[in-house]
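J.: the sequence and its predicted three-dimensional model are supplied below.
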Amino acid sequence: MKDLAERGRFGDYGGRYVPESLVAACAEVEDAFREARSDPGFRERLGTLLALHVGRPTPLTPAPRLSAELGVTLLLKREDLTHTGSHKINNVLGQALLATRMGRTRLIAETGAGMHGVAVATGAALLGLRATVFMGERDVERQALNVFRMRMLGAEVVPVGVGSRTLKDATSEAMRHWVGATGEAYYCVGSVIGPTPYPWMVREFQRVIGDEARGQCAEALASAVPDYVVACVGGGSNAAGTFAGFVDTAARLVGVEAEGGAGASRGRLGVLHGFRSLFLQDEHGQISEAHSIAAGLDYPGVGPEHAYLRDLGRARYVTVSDEEVVAAAVRLARTEGIVPALESAHAIAWVIRAAGAGELPPGATVLITLSGRGDKDMSTLKELV
Amino acid sequence: MKDLAERGRFGDYGGRYVPESLVAACAEVEDAFREARSDPGFRERLGTLLALHVGRPTPLTPAPRLSAELGVTLLLKREDLTHTGSHKINNVLGQALLATRMGRTRLIAETGAGMHGVAVATGAALLGLRATVFMGERDVERQALNVFRMRMLGAEVVPVGVGSRTLKDATSEAMRHWVGATGEAYYCVGSVIGPTPYPWMVREFQRVIGDEARGQCAEALASAVPDYVVACVGGGSNAAGTFAGFVDTAARLVGVEAEGGAGASRGRLGVLHGFRSLFLQDEHGQISEAHSIAAGLDYPGVGPEHAYLRDLGRARYVTVSDEEVVAAAVRLARTEGIVPALESAHAIAWVIRAAGAGELPPGATVLITLSGRGDKDMSTLKELV
Amino acid sequence: MSLEKRLRDRGRKLLMPYVTGGITDDWTGYLRSFAAAGADAIELGLPFSDPTLDGATIQEASDAALARGATVHGILAEIEGLDLDVPLVASTYYNLVLRDGTSAFCAALRQAGVAGLIVPDLPLEEAGELADAAAAAGVDLVLLASPSTPPPRLYEIARRSRGFVYAVSRMGTTGERAALAESAGALAERIKQVGDRPVLLGFGISTPEQAVEAARRADGVVVGAAIMRRILDGAGPDDVGAYVTTLRRALDQESDERR
Amino acid sequence: MSLEKRLRDRGRKLLMPYVTGGITDDWTGYLRSFAAAGADAIELGLPFSDPTLDGATIQEASDAALARGATVHGILAEIEGLDLDVPLVASTYYNLVLRDGTSAFCAALRQAGVAGLIVPDLPLEEAGELADAAAAAGVDLVLLASPSTPPPRLYEIARRSRGFVYAVSRMGTTGERAALAESAGALAERIKQVGDRPVLLGFGISTPEQAVEAARRADGVVVGAAIMRRILDGAGPDDVGAYVTTLRRALDQESDERR
Ligand SMILES: Cc1ncc(COP(=O)(O)O)c(C=O)c1O
Ligand SMILES: Cc1ncc(COP(=O)(O)O)c(C=O)c1O
């Protein structure tokens, strides 16, 4: 498949639907990224950061006990083992390096669960930048410890009290703030969303997941390529990064959304936050609030590439319920000693369901990206388990 | 230096001061360990677990910004990046494999901060064992999320309501429980403490830290070996594992204790929990309660090997205050984007002080073991920062 | 008659007050009072759940209107019967346009008597489809320019905008500000150098003094948040009309003095 | 006269009740009442902060005594003047022995009139130094055997123990139990097969029935937690003495019947 991303479009999706005041800033980011990605010095610096600070490559871990129970062969790509605890850091370090290259002195970001915010605060500290993180007031309450983690790292956390007071509104507020600060600040988007070049760029920074996993699968599997490649989808960055490594293989790609945040599965064409894609909206075109037990999936849209892969039939998007997710998290913990982030547990939950329903043929090989660790979700789970 | 550990003694320290009912059990553990460590199959299985589940090798990360501020060259051994978030897992997987080899079906453990308990719960889940973790009632309150993490992983957590209701009492209770369960249960000690063979065995399972770091320093430093090797000391396992890689070099070894839990620095000869070493005690020989902001250093004694290294003058033991520790944690977070466990922050705090006081010569190379990540300490820090 | 011609025909500094459609039960009263107070055009906000370019006041107004049940088609139905002698310029976010599809949306505007359309999250590159649909329906698609817009692009915007060019006075969101940004006048002049479309300055204009200052270098001003703040605080059509009148008088007086 | 000889001279099933030193103000009253009730020896617990082999009752008693300010030397001073005609056997953890050093500690015991010493966390391999010091001071160091002790080691324990062998009836800590463990009698017999030291069974013996059952295969019993439970619940020397008397009678009656 040709990479359409470079042109800023994925079929009918993507684009740069931003106020005129941000057009130049987006274009600068795009130019800088094009330059950086073909600069061996940049790639090397990023590679070093990923190896020495993030702990890459992350392992591909077999899950023998759960595999035996399900009658399939599971392999887990362990983004939960990265520094700060989720795949978000891969993208953040790429963008933070880009920001320093562009001479910016401050990072702006939105965050939902706080994982992207923590990653941004971390990248900023590491590179000597300031950081301003917007976070919905409801998430500030739900994820109080991540808020404190960011502050501990020296970031300013700005609670957003408008709208649904979650990720969607934090994203709007971050964009508003950027409009007034394009000279000194770099907007570090946390998923494969936003205006061109973000969906493309973030996927490129996350493709390290898929590229590593591809090589590791070749070692671990007789078939070299797994039959299924499964990842959870909020905005879609861990899935996009994973899929990038397998899109040119025969592997079936499955993106798992939260029932209450199923942009790809149940969204309608729309435009928000600078990009054209599928969004949950009411009959009048007003954007709906998403609801998921996993704050990181609490987003009403999906990255444009996923909308495109869905239309092409190259990837499939499915949903699981909060109950299935909690059960899956507990099951993985008890069989493999891994407490996944609730976001990541969506991918596990679908595999459990599909294996049980015979949808996954017995003996199928399944790569699951574990996008993050569950530490942040302990207080949520405590109420439920 | 000859390895005295194999004989169960470190000079005047160590030994097996256990009730007669545990003598046979300890001897069985020792025999099994001697056998296992010379069995290539065991070593390979453990190596695979460490690579695929734990994420070893952990990186050796330069800390350029803090180094520049302090005028020395810091290298951080990143045990905080391991699965479950601290070095404890290295030891636990070794012992858990040993337990299965011995036909045991359950792990018993004590825990203070909960990191060893979480590691034990994890190792048990991974290998299909049951786990019973003893934890002082005060720690159960202070570390509520780790308690839930253990339960999520399927472990039984038993609150201990006697004595100071912290790690010391949890350890006593675990030993009491083991007396009645030696047939089916394996006691998985969490540090280089306890009766022979534990101090030796736990150090051997933790030496992977020092061995990796030694090789990584050889790559990273012109001098191949750092001038200083610094680690925090509770029971002393991360320090023992680190030192093991450097004991035969010219590196100066420094163990950093909490002011309120300084067994090596301020303890007197005694016997507790099966071993002879240095313990904080009152004039009458009653064991004192330790007090540290870092629950994992809240232990009144120190592993026998450290007492021995101190007497030999091969390692030096120093203390830092809670205030220095909190300031060090914040400083590392803001300069390097790493929020360390409060335990690990002790090592940082001493280096900051020693560099400031000119005790570390300008340009000195310093390896610091970051034994764990700070996520567990967020609520403690929140009150203080 | 085209929007641009209607504006030119006024022969004075232009004043375009803004109101969020559906903000109160009798919100169309504001349209009448604006017309009576000397508005040359009225910007009619079609409220969107996620107004990413708006500051706190217009966000609050949008939320309030939506909470009252306001919808695009409800608002358009309410204005269809009105007989205002000033042109209405709808402004909304692109998602609401896509909801109906560009053609249907423009046809609905036209049907309701709306003359122009502003879509702040639709920059030049993305505007093609809507521009065509608007042209086909006889609605003028107004493009925005900003202080950060580089010259060649500014030329293109001036060329492709219809009705007038909406000059965003400052790098920021809508909302009242203490002083008019430095960048405002310079931008207006830059636009006028590259085209001959009328230029209206908006964002951050709330006092008569600011309006006068802005109109010195532009063809007129848009006043939004200052009006919505008053409405949210309970001001009715007469009160707000009186405020618009003071703006009108200030602009006219200044023109008279300059003549 | 050696502890062993004094025990043998009783010519009956042995009863060794236990008390934690310093548990109450007049705790030495318990010693007197035990003697009067027919104890053959008394185990005197020197309380330690971390009694790792004790169950909840003796832990509680140790904590209570320490909270009252009990110390090894204070307790020894209190017994020094007492003129009991049953031997006292101190029991404590090794840390308290090391506090003074083995020789000084044994000398202090001897000085206070203590005949024997039990150190439950000091197994055979580690006992050498203390055994020497105890022998030098004329104190009998009693070793413990447990159901898990293998035969050759049991022989060594029986050989090196002085006074008697303390047979731990079950794999567990001190404390009352509903039934005497299966392992108890078997262990006692195994010890008697490998040596001729008297064997006292302890751990979990609280009722006269259990005492009788235990004494069938051993030379006597130790009763600890059951006594301390009563003391912690407020029983004075007379009450506890009465309890010890019931144990004494049960043991004697059984012996008579068997004869
Ligand atoms: C652990 C984890 N996984 C997944 C996501 C969802 O993001 P994305 O779909 O961009 O990977 C988040 C977002 O916060 C997250 O924290
Ligand atoms: C992160 C961390 N570091 C250090 C320690 C202290 O243990 P040790 O001295 O055995 O390494 C602990 C104990 O819980 C810990 O959790």
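T.: Perfect, I can see it now. Ligands and ions are numbered 1, 2, ... in the order given.
J.: tell me the contacts of whichever residue of the stretch 1-150 of chain C sits closest to ligand 1?
T.: Scanning the stretch 1-150 of chain C for the residue nearest ligand 1 gives residue C:50, at 18.8 Å (criterion: C-beta to the nearest ligand atom). From N, CA and C alone the C-beta is placed, and that goes for glycine too. Residue C:50 is in contact with A:163, A:168, A:169, A:172, A:272, A:273, A:287, C:93, C:95, counting by C-beta atoms under 8 Å, 6 or more residues apart in numbering or on different chains.
J.: would you agree residue C:126 is in contact with residue A:19?
T.: No - contact criterion C-beta atoms under 8 Å: residue C:126 and residue A:19 do not qualify, at 11.6 Å.
J.: against residue B:324, how distant is residue C:221?
T.: To residue B:324, residue C:221 is 60 Å away according to C-beta to C-beta, to the nearest Å.
J.: the two: which is more packed in?
T.: residue C:221 (27 against 19; other C-beta atoms under 10 Å in any protein chain shown).
J.: ok so, going back, inside strands: which ones of the contacts of residue C:50?
T.: residue A:272 (DSSP state E).
J.: how about the contacts of residue C:50 in TSV, adding neighbour count and pLDDT?
T.: Listed next are the contacts of residue C:50 as TSV, based on neighbours: other C-beta atoms under 10 Å in any protein chain shown; pLDDT from 0 to 100:
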residue	neighbour count	pLDDT
A:163	21	84
A:168	28	94
A:169	26	94
A:172	25	97
A:272	27	98
A:273	26	98
A:287	24	97
C:93	28	98
C:95	24	98
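J.: within reach of chain D, which of the contacts of residue C:50 are there?
T.: Of the residues in those, proximity to chain D by C-beta under 8 Å from any C-beta of the partner chain holds for none.
J.: and of the contacts of residue C:50, the nearest to chain B?
T.: For those, the minimum distance to chain B (C-beta to the nearest C-beta) is 24.8 Å, reached by residue A:169.
J.: okay, now the domains of chain A?
T.: Per the record, chain A has its domains at A:2-48+A:88-198, A:55-86+A:207-384, by automatic domain parsing.
J.: distance to chain C added to those domains, as JSON lines?
T.: Shown next, in JSON lines, are the domains of chain A (distance: least, C-beta to the nearest C-beta, whole Å):
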{"stretch": "domain A:2-48+A:88-198", "distance to chain C": "4"}
{"stretch": "domain A:55-86+A:207-384", "distance to chain C": "3"}
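J.: mind checking which of those is nearest residue C:148?
T.: domain A:2-48+A:88-198 (4.4 Å; C-beta to C-beta).
J.: now do the buried residues in stretch A:184-199.
T.: A:185-199 (16 or more other C-beta atoms under 10 Å in any protein chain shown).
J.: restricted to strands, list these.
T.: Applying DSSP E to the buried residues of stretch A:184-199, the entries found in strands are A:185, A:186, A:187.
J.: quick check, the second one in contact with residue A:28.
T.: No - between residue A:186 and residue A:28 there is no contact, the gap being 9.5 Å when judged by C-beta under 8 Å.
J.: need the residues touching each of these two.
T.: Taking C-beta under 8 Å, 6+ apart as the criterion, residue A:186 and residue A:28 both touch residue A:102.
J.: quickly list what the residue nearest to the spatial centre of chain C is bridged to.
T.: What sits nearest the mean C-alpha location of chain C, by C-alpha atoms, centre = their mean, is residue C:43, with 3.8 Å. Residue C:43 has these beta-bridge partners by DSSP bridges: residue C:18, residue C:89.
J.: for it, give me the pLDDT.
T.: In this model, residue C:43 is scored at 98, pLDDT.
J.: any idea how far it lies from chain B?
T.: Distance from residue C:43 to chain B, counting by C-beta to the nearest C-beta, to the nearest Å: 46 Å.
J.: check contacts around that residue.
T.: C:16, C:17, C:18, C:19, C:89, C:90, C:91, C:118, C:222, C:224.
J.: let's see it at 10 Å
T.: C:16-20, C:34, C:88-91, C:116, C:118, C:142, C:166, C:200, C:202, C:222-224, C:227 (C-beta atoms under 10 Å, 6 or more residues apart in numbering or on different chains).
J.: mind listing what the spatially closest residue to residue C:80 that is not a sequence neighbour touches?
T.: Nearest non-adjacent residue to residue C:80, counting by C-beta to C-beta, 6 or more residues apart in numbering or on different chains: residue C:112, 4.7 Å away. Listed by C-beta under 10 Å, 6+ apart, the contact partners of residue C:112 are C:44, C:72-73, C:75-82, C:88, C:90.
J.: could I have the buried ones of the residues you listed as ChimeraX selection syntax?
T.: Listed next is the ChimeraX selection for buried residues among those, using 16+ other C-beta under 10 Å:
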select /C:44,72,75,76,78,79,88,90
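J.: could I get the full set of strands for chain C?
T.: Here chain C has its strands, by DSSP E, at C:14-20, C:42-45, C:88-91, C:116-118, C:140-145, C:165-168, C:199-202, C:220-223.
J.: closest to residue D:104 out of those?
T.: strand C:165-168 (90.0 Å).
J.: so what does that closest one touch, helix or strand wise?
T.: Judged by 3 or more C-beta pairs under 10 Å, 6 or more residues apart in numbering or on different chains; DSSP states H and E, strand C:165-168 is in contact with helix A:20-37, strand C:140-145, helix C:151-160, helix C:182-194, strand C:199-202, strand C:220-223.
J.: chain D is nearest to which of the ones you listed?
T.: For these, proximity to chain D was assessed by C-beta to the nearest C-beta; helix A:20-37 is nearest, at 60.6 Å.
J.: pLDDT weak spots in chain A?
T.: Filtered on pLDDT under 70, chain A yields the residue ranges A:1-4.
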